[in-house]
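**Student:** coordinates for the following, if possible.
(chains A and B)
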Amino acid sequence: MLTSNQSYLSVINPAVKLITHILLMMMLMSLDDPLTTFCLWIFVIIIGISIGGWRLAYLLKVLLPYTFFFVLIFWMMAAFGKGENVLFHWAWFRVTEESVKNGFNISLRMLGFVTIGLLFTSTTDINKLMMSLIHQFKLSPKWAYGFLAGFRCIPLFQEELSQIKAAHRIRGYRNYGSWKAFSRYAVPLLTTAIRRSERMAIAMVARGFTGTRERTYYIKPTVSKRDYGYLISTLLIAGVIILFVGSY
Amino acid sequence: MLLEQAQEQRMIRMTSLLGCKDLSVRFYNQKKQVLDHIDITIQDGEKVLILGPSGCGKSTLLSVLAGIIPEHMEAEVSGEVTRKKRVGVMFQDPDAQFCMKHVNEEIAFSLENRKIPREKMDEEIVKMLKMVGLSIDPDTPIQTLSGGMKQRLALACLLALEPDVLFFDEPTAQIDPAGRKDIFALLQQTSKRTKKTMVFVEHVLDGCIEWMDRLILLDKNSHIIADGIPKEILLSYKEEMEEAGIWRPKVYPAKWEEVVHNSSHPLNGELTQRYKSRKLWASCKKAEIEPIIVKKNAALAYKKSSILNNMNGSILRGEWVAVVGKNGSGKSTFLKVLANLIKLKSGDILLKGKSISKWADKDLYSMLGFVFQNPELQFINDTVFEEVAFSARQYNFSEEEISAKATKLLKEFGLAEYVDLHPFMLSFGQKRRLSVATMLLLDQEILLLDEPTFGQDEKSAKQLLHLLKRRQEEGTTIVMVTHDMDIVDQYADRVILFEDKEIAYNGHPYFFFRNKRGGIIPPLHYQLIEEQGDRYANEQSVLSVSH
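**Tutor:** Numbers count the residues shown, from 1 in each chain, chains lettered A, B, ... in the order given. Prediction:
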């Protein structure tokens, strides 16, 4: 997650990539035809495979859990939706033509969102993203560097959680894996996190970090023609798909 | 030569620009002052070591001199403080000093703050890495470095700030002894080369006291009780330092060469005596005892990469076993397997003749306790008493029984007066003792400990080891991961060394240290015998040549 995978897409400016993907999502949101939604989803997958460094095996592994949600959302929409043309009726389930269409659309949209998001996170380095936000979106370095420092804590957090769980298990606490137990874990987890963040903040300011923009940058992402190229061509193709398939 | 003299003269002429006069500090949430009317002046280029018992405010003093208090940490400060403009501070937690993912970005962060132009950064980064002896790809993720390497990187980041003064707040408290030796050697080398002022707070003195110019000793009421030449203070304030829990240097102020070559040196006699007792102990025949843990061709893996293979052997009832090896050799993982927290890849480990994975949690953990490296993460209750009583409640003991057992245990561990406190409020040593106590309420027969003396002062470490020893004498089997070879030598009946993904040694510590396995620094008495042995051998060969 959020490390560059050395693909072509990973050298695109992160800020531009972010805008492109947000716009793509908005396009996806505006559609009400399942076929167009499906085509747009396929288009995103094609981007991922052609220039995003995705392999089919990787894609299957990551998207498989979402197919479960896909079925779930589809069935929820299809079986309880409104509509005139009833396809079949059994017990309290009433599946209509409209609800099937609606179900397909919503669940495909969900898949599309996940895929577009994945396309971003799997090809973008977090550090470059933050630097790009500083330079292209005028984000304050205070927030950007703070976020980076926080991001480093996530693996430590996971490690600590597993240790707390193990400690509970050894002490004879039976529900160590359940959600109910999480409130027990939260206190030590938060205390250590707060203390660590305090230490980190002090270490950062002790090294001369002020949080202002008066500093130089080791990584300074710029926007080139190639980045604009990615933005324009992606949105253009998406637009053509919507126009063409939508009117078909 | 001339240059050196000129430098020395310049140093004398320079006035002190670092120090404090009548300094008092109080944190807003505490009534008592942390520092009380302190006067210190530090000369340019001086190497100063500040010592004192835990809670005496030595870290606070360092923070004030470095300017962290009151600028970045709120506190009520009175008195006069003179500071240097550019300072660098190294902290004890290697993980909490970094904010980037890769080594080069981290050093660059220092350079960015100094507004160094981008074109010069790459060159500087390479220079800094070379200066601290880190020969790694600058693009290495920081996560993959060992504790010692992280502290090296931390030093590189500080040097990149080009500070006038370097401050060190227990820089080696969280790394193993071999890494500690390394870091101190590096710091000494850096000090020689850069002639920078350095101020240390440490509680392990071996490796740093030898090259300090000055030592400042605080008592527990945060008053300066001694300030002067390290050697003299060390000799005349023995008791105070022992009370403060400072690890006494093993050789200093004596010189190792002298100790080796002069057999009438008191330390020489002491070490020889210790060596002889260990030898005797090793030759004692043990009664036949039944094994409690048996490993059968066990193999361990983490995410497909194997960690340990072909593990065979057994651990006997009532034994004290020390598990040693380099960082990442799988010591902690092995311990977790014994507690059934991680599954084996293949083979089997038998506990009392039954496969470890076949034990029900309830039966297994009433027989076996596990003490984690960080005690805070294993506390699960709001008071010290409940913390100890927790296991009993899970097993539905009667209230009187719980109370009686817990009180007895808390007394044994010196925690009886803290029953109503939150475990987090205890001192570091007390937290560690509590974490061990919680694992003994059910009279567990086996105790697994992951580096129990790590980062502790000498007093608390000795207290804990003493308690464990007593438990062992009562029949508890102890399996302990440690880096401290003196503990291994003094307490363990058996050493298991993990090396190259296998058990490289399994036997008595005496033979282990005599055969000196890779990467392990044996305790002093073994070193003495070895070096004297070498000397005798040399003399012998000289004699035979002269004949």
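**Student:** any part of the longest helix along chain A near chain B?
**Tutor:** Criterion DSSP state H: the longest helix present in chain A is helix A:141-170. Yes: against chain B, helix A:141-170 shows contacts by CB under 8 Å from any CB of the partner chain at A:145, A:148-149, A:151-152, A:155-156, A:160, A:163-164, A:166-170. For every residue, glycine as well, the C-beta is placed using N, CA and C.
**Student:** name the SS class of the residue nearest to residue B:383 when sequence neighbours are not counted, please.
**Tutor:** Leaving aside its sequence neighbours, residue B:383 sits nearest to residue B:420 (CB to CB, 6 or more residues apart in numbering or on different chains; 5.5 Å). Under DSSP: H, G, I helix; E, B strand; the rest coil, the three-state class of residue B:420 is coil.
**Student:** pretty sure residue B:420 sits against residue B:387.
**Tutor:** No: with contacts counted by CB atoms under 8 Å, residue B:420 stays clear of residue B:387, the gap being 11.3 Å.
**Student:** who has more neighbours, the two?
**Tutor:** residue B:387 (26 against 11; other CB atoms under 10 Å in any protein chain shown).
**Student:** quick check: that one touching residue B:376?
**Tutor:** No: between residue B:387 and residue B:376 there is no contact under CB under 8 Å: 11.6 Å.
**Student:** burial measure for residue B:48, as a count.
**Tutor:** 22.
**Student:** three-state assignment of it?
**Tutor:** Under three-state DSSP, residue B:48 falls in the strand class.
**Student:** thinking it is in contact with residue B:216, fair?
**Tutor:** Yes: Residue B:48 lies in contact with residue B:216 (CB under 8 Å); the separation is 6.4 Å.
**Student:** so where's the chain shaky on pLDDT?
**Tutor:** Just going to use chain A. A:1 (pLDDT under 70).
**Student:** correction: the question concerned chain B.
**Tutor:** Within chain B, the stretches with pLDDT under 70 are B:1-16, B:285-289, B:300, B:302-304, B:517-519, B:534-547.
**Student:** 50 - rerun?
**Tutor:** Within chain B, the stretches with pLDDT under 50 are B:1-2, B:6, B:8-14, B:544-547.
**Student:** follow-up on the earlier one: who touches both of residue B:387 and residue B:376?
**Tutor:** With CB atoms under 8 Å, 6 or more residues apart in numbering or on different chains applied, the overlap between the contact sets of residue B:387 and residue B:376 consists of residue B:423.
**Student:** who does the residue nearest to residue B:515 when sequence neighbours are not counted bridge with?
**Tutor:** Setting aside the residues directly before and after it, residue B:515 is nearest to residue B:505 in space (CB to CB, 6+ apart), at 7.9 Å. For residue B:505, the beta-bridge partners under DSSP bridges are residue B:497.
**Student:** ok, residue B:181 - contacts?
**Tutor:** So residue B:181 contacts B:206-207, B:521 (CB under 8 Å, 6+ apart).
**Student:** and if you look at residue B:226?
**Tutor:** By CB under 8 Å, 6+ apart, the contact set of residue B:226 is B:215-217, B:233, B:236-237, B:240.
**Student:** setting the sequence-adjacent residues aside, check what's closest to it.
**Tutor:** That would be residue B:217: by CB to CB, 6+ apart, it lies 4.1 Å from residue B:226.
**Student:** which helices and strands sit right next to the helix or strand harbouring the one you found?
**Tutor:** Element membership for residue B:217, per DSSP states H and E: strand B:214-218. With contacts taken as 3 or more CB pairs under 8 Å, 6 or more residues apart in numbering or on different chains; DSSP states H and E, strand B:214-218 sits against strand B:47-51, strand B:224-228, helix B:230-236.
**Student:** look up how far chain A lies from residue B:313.
**Tutor:** Per CB to the nearest CB, to the nearest Å, residue B:313 is found 24 Å from chain A.
**Student:** ok, that residue - how many residues close by?
**Tutor:** Residues contacting residue B:313 under the criterion other CB under 10 Å number 15.
**Student:** what about it, which SS state?
**Tutor:** Classified using three-state DSSP, residue B:313 is strand.
**Student:** residue in the stretch 201-350 of chain B nearest to chain A?
**Tutor:** Chain A sits closest to residue B:341 of the stretch 201-350 of chain B, with a gap of 5.1 Å, by CB to the nearest CB.
**Student:** name the nearest residue to that residue, ignoring sequence neighbours.
**Tutor:** Closest residue to residue B:341 apart from its sequence neighbours, by CB to CB, 6+ apart: residue A:166 at 5.1 Å.
**Student:** residue contacts, the one you found?
**Tutor:** The neighbourhood of residue A:166, defined by CB under 8 Å, 6+ apart, consists of A:176, B:336, B:339, B:341, B:370, B:372.
**Student:** does residue 45 count as helix, strand or coil?
**Tutor:** Here I'm looking at chain A. Looking at residue A:45 with three-state DSSP, the answer is helix.
**Student:** can you look at chain B instead?
**Tutor:** Secondary structure assignment for residue B:45 (three-state DSSP): coil.
**Student:** spell out which residues of the stretch 51-200 of chain B are next to chain A.
**Tutor:** Counting by CB under 8 Å from any CB, the stretch 51-200 of chain B comes close to chain A at B:66, B:68, B:71-73, B:87-89, B:91, B:93, B:95-102, B:104-105, B:108-118, B:121, B:142-143, B:157-158, B:161.
**Student:** what subset of those residues is buried?
**Tutor:** Among these, the ones that count as buried by 16 or more other CB atoms under 10 Å in any protein chain shown are B:66, B:68, B:87-89, B:91, B:93, B:95-102, B:104-105, B:108-113, B:116, B:121, B:142, B:157-158, B:161.
**Student:** follow-up on the earlier one: out of the contacts of residue A:166, which comes closest to residue B:409?
**Tutor:** Nearest to residue B:409 among these: residue B:370, at 16.8 Å, using CB to CB.
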